[in-house]
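Novice: I'd like to go over a predicted model; first the sequence, then the structure.
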2 protein chains.
Amino acid sequence: MPELPRPQQNLLLAALPHESKKRLVDHLELVSLPLGKVMYESGETMRYVYFPTDSIISLLYVMESGASAEISVVGNEGVVGIALFMGGESTPSRAIVQSGGYAFRLLGQRLKDEFNRHGEMLVLMLRYTQALITQMSQTAVCNRHHSIDQQLCRWLLLSLDRLPDNQITMTQELIANMLGVRREGVTEAAGKLQKLGVIEYRRGHITVLDRPRLEQLSCECYAVVKKETDRLLSDHF
Amino acid sequence: MPELPRPQQNLLLAALPHESKKRLVDHLELVSLPLGKVMYESGETMRYVYFPTDSIISLLYVMESGASAEISVVGNEGVVGIALFMGGESTPSRAIVQSGGYAFRLLGQRLKDEFNRHGEMLVLMLRYTQALITQMSQTAVCNRHHSIDQQLCRWLLLSLDRLPDNQITMTQELIANMLGVRREGVTEAAGKLQKLGVIEYRRGHITVLDRPRLEQLSCECYAVVKKETDRLLSDHF
DNA sequence: CTCGTTATGTACGCCATCGAACAGAATGTG
DNA sequence: CACATTCTGTTCGATGGCGTACATAACGAG
């Protein structure tokens, strides 16, 4: 039987000094996040922040037309709900579960209290926020300049980094929503990767077989984000 | 003769309570920022933060190939150098002067000292950062889904909001760098706008004649960013 | 005023991606 | 096991933006 997740699996929670952790741990509530669940709707006031352990959350922007694009992705290295401590309380984007799993949630007010003690929590959250900003910037650039093929590679790698194995549960339709492209475009790109033996997939399941090759085929955006995230957070982790 | 800028012209500085302002004002140094000046190079450690009064600064990402794209834009409503107080000290993007003018610069350490007093400065900087995040997200979406025509409108509006009159000094070539498209694409889009009587231009100078029409022709991205920025910062301004 | 430089205009073929439409395959539900 | 549903594969024409090449026009330094 699978064990239940522990707070330590989230790297931000793990990085907290003992004192902070002690203050928070009793208020952390384990929640299950099924694939596709909408955690925040655009403009909504946030009540909780979420620290994923083994789930992945996409921050998605949905336009008036219904078209969408992923702005950034959050896994066990991060937290969903930065608007709470940044002061805005809400954001114009949607948070949706991209890979089912668990997260620990914390009442917004509790996080704010801890944040306002101006200790390690503040430093950590701000550094993480900067990493998130890097990801968003890179997404903007990537959307402008890179092909679907390259972007799919980037997206697979970002997902892979946040998953325990080399297996991604996701339909091509959903990936297309994330990338903001047509489903057919993803089918084609995925087909090429499969032909190259880099991935293997069947109806909603993708297995990455050759990760080094995937990194070669990806645009520089993945490496930039990875490197910068490591730089910003590795002191703490 | 034109008067020299005052710190109050930067909205963030203006919004500071008297006490904070008193601590900082003697350390603010007025600097002139000529068009095209590179204020930060990607990855460089930041020494100063800049509070523009009448200049505009673009945060630009330049790829390995040399292609570029604007991530966000900063005028008298903001500050250049958030990485300093976010904790990362540097970012992978370049800051370049998009419209010449003045700014007050402040030694990074002074800002950090003020920031670490955990007063109004912290709150203000974080809220501003959230506004910047909104702009970056929207840029990502816009790059994915909207036409050059629409994006040019958005870009003109964002610039206009940060300038004293309806006159923009900027070549089509530079606009193309910002938008991450070909110069010819901008020429064509600008030509259409001129034919419609919305703008008028000649060799590096653009005059906006019909701003309401420009807003109609723009994608929703401009309005989203504007509205969210107002929401996040109007309590303070 | 002239000339070199820089900015803008235009044209052509190319290609990635789009939109739409439909066929086939895998899945799980009753 | 059969069927409805959902996912994936493929095709077609349309098109927006690209790369390239070159022409014209405005400016400003001498």
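Specialist: It's in.
Novice: Under the pLDDT cut-off, which ranges of chain A? List them.
Specialist: A:1-2 (pLDDT under 70).
Novice: which residue packs closest to the residue positioned nearest the centre of chain A, ignoring adjacent ones?
Specialist: Nearest to the mean C-alpha position of chain A, by CA atoms, centre = their mean, lies residue A:74 at 1.9 Å. Nearest residue to residue A:74 in three dimensions, chain neighbours excluded: residue A:57, at 4.7 Å (CB to CB, 6 or more residues apart in numbering or on different chains). For glycine as for every other residue, the C-beta is placed from the backbone atoms N, C-alpha and C.
Novice: Bridge partners for the one you found, pull those for me.
Specialist: Residue A:57 has these beta-bridge partners by DSSP bridges: residue A:74, residue A:97.
Novice: so the nearest residue to residue A:119 once chain neighbours are set aside is in which element?
Specialist: Using CB to CB, 6+ apart and skipping residues adjacent in sequence, the residue nearest residue A:119 is residue A:20, 6.1 Å away. Applying DSSP states H and E as the criterion places residue A:20 in helix A:18-25.
Novice: list the helices and strands that helix packs on?
Specialist: If you count contacts as 3 or more CB pairs under 8 Å, 6 or more residues apart in numbering or on different chains; DSSP states H and E, helix A:18-25 packs onto helix A:108-115.
Novice: list the contacts for residue A:141?
Specialist: Going by CB atoms under 8 Å, 6 or more residues apart in numbering or on different chains, residue A:141 touches A:221, B:61, B:63, B:69, B:71, B:143, B:180.
Novice: The residue of chain A most remote from its centre and DNA strand C: what is the separation?
Specialist: Most distant from the centre of chain A: residue A:195, at 27.9 Å, with distances by CA atoms, centre = their mean. Residue A:195 sits 16 Å away from DNA strand C, taking CB to the nearest atom of the strand, to the nearest Å as the criterion.
Novice: Please apply the same query to residue A:30.
Specialist: 26 Å.
Novice: what's the answer for residue A:100, then?
Specialist: From residue A:100 to DNA strand C the distance is 14 Å (CB to the nearest atom of the strand).
Novice: With adjacent residues omitted, what lies nearest to residue A:207?
Specialist: residue A:200 (4.7 Å).
Novice: For the residue farthest from the centre of chain A, which residues are in contact?
Specialist: No contacts exist for residue A:195 under CB under 8 Å, 6+ apart.
Novice: Which residues of chain A lie near DNA strand C?
Specialist: Proximity of chain A to DNA strand C is confined to A:146, A:147, A:148, A:149, A:180, A:181, A:182, A:184, A:185, A:202, A:203 under the rule CB under 7 Å from any atom of the strand.
Novice: Just put these in CSV and tack on distance to residue A:229.
Specialist: Below are those laid out as CSV (distance: CB to CB, whole Å):
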residue, distance to residue A:229
A:146, 19
A:147, 24
A:148, 24
A:149, 23
A:180, 22
A:181, 24
A:182, 29
A:184, 32
A:185, 27
A:202, 31
A:203, 32
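Novice: Which one of these is nearest to residue B:28?
Specialist: Among the residues of chain A next to DNA strand C, residue A:146 lies closest to residue B:28 (CB to CB), at 40.9 Å.
Novice: Skipping adjacent residues, who's closest to the closest one in space?
Specialist: Excluding the flanking residues, the one nearest residue A:146 by CB to CB, 6+ apart is residue A:219, at 4.3 Å.
Novice: same question, residue A:157
Specialist: Per CB to CB, 6+ apart, closest to residue A:157 is residue A:222, 4.7 Å.
Novice: and if you look at residue A:159?
Specialist: residue A:168 is the one closest to residue A:159 (CB to CB, 6+ apart), at 5.4 Å.
Novice: In stretch A:65-77, which residues are buried?
Specialist: By 16 or more other CB atoms under 10 Å in any protein chain shown, the buried positions in stretch A:65-77 come out as A:68, A:69, A:70, A:71, A:72, A:73, A:74, A:75, A:76, A:77.
Novice: Determine whether any part of it lies close to DNA strand D.
Specialist: No. Judged by CB under 7 Å from any atom of the strand, stretch A:65-77 stays clear of DNA strand D, getting no closer than 14.0 Å.
Novice: Quote the end-to-end distance of that stretch.
Specialist: This stretch, stretch A:65-77, spans 32 Å end to end (CA to CA, to the nearest Å).
Novice: Measure how buried residue A:177 is and give me the count.
Specialist: For residue A:177, the neighbour count with other CB atoms under 10 Å in any protein chain shown is 21.
Novice: Surely it is in contact with residue A:63?
Specialist: No. The criterion here is CB atoms under 8 Å, and residue A:177 misses it with residue A:63 at 11.8 Å.
Novice: Now the residue farthest from the centre of chain A. Its backbone dihedrals?
Specialist: phi -60, psi -30 (degrees, to the nearest 10).
Novice: what's the next secondary structure element after the longest helix seen in chain A?
Specialist: Criterion DSSP state H: the longest helix present in chain A is helix A:120-145. Per DSSP H and E, the first helix or strand lying C-terminal to helix A:120-145 is helix A:148-160.
Novice: quick revisit: the residue nearest to residue A:159 contacts residue A:202, correct?
Specialist: No. Shown here, residue A:168 and residue A:202 do not form a contact pair, counting by CB under 8 Å, at 11.9 Å.
Novice: between the two, who's got more neighbours?
Specialist: Higher neighbour count among residue A:168 and residue A:202: residue A:168, with 22 against 8, using other CB under 10 Å.
Novice: measure the more buried one to chain B for me?
Specialist: 22 Å (CB to the nearest CB, to the nearest Å).
Novice: quick one, what contacts the residue nearest to residue A:207?
Specialist: Residue A:200 sits next to A:194, A:206, A:207, A:209 when contact means CB under 8 Å, 6+ apart.
Novice: quick check: domain ranges of chain A?
Specialist: If you go by automatic domain parsing, the domain ranges for chain A are A:7-142+A:229-233, A:147-218.
Novice: give me the number of residues near the residue nearest to residue A:146?
Specialist: Around residue A:219 there are 21 residues (other CB under 10 Å).
Novice: Let me see the contact set for it.
Specialist: Per CB under 8 Å, 6+ apart, neighbours of residue A:219: A:142, A:145, A:146, A:150, A:151, A:153, A:154.
Novice: For the spatially closest residue to the fourth one that is not a sequence neighbour, grab phi and psi.
Specialist: In this structure, residue A:150 finds its nearest non-sequential neighbour in residue A:219, 4.0 Å apart by CB to CB, 6+ apart. Here is the backbone geometry of residue A:219 (degrees, to the nearest 10): phi -70, psi 170.
Novice: Residue A:53: what's it in contact with?
Specialist: A:5, A:6, A:7, A:9, A:10, A:76, A:101, A:102, A:103, A:104.
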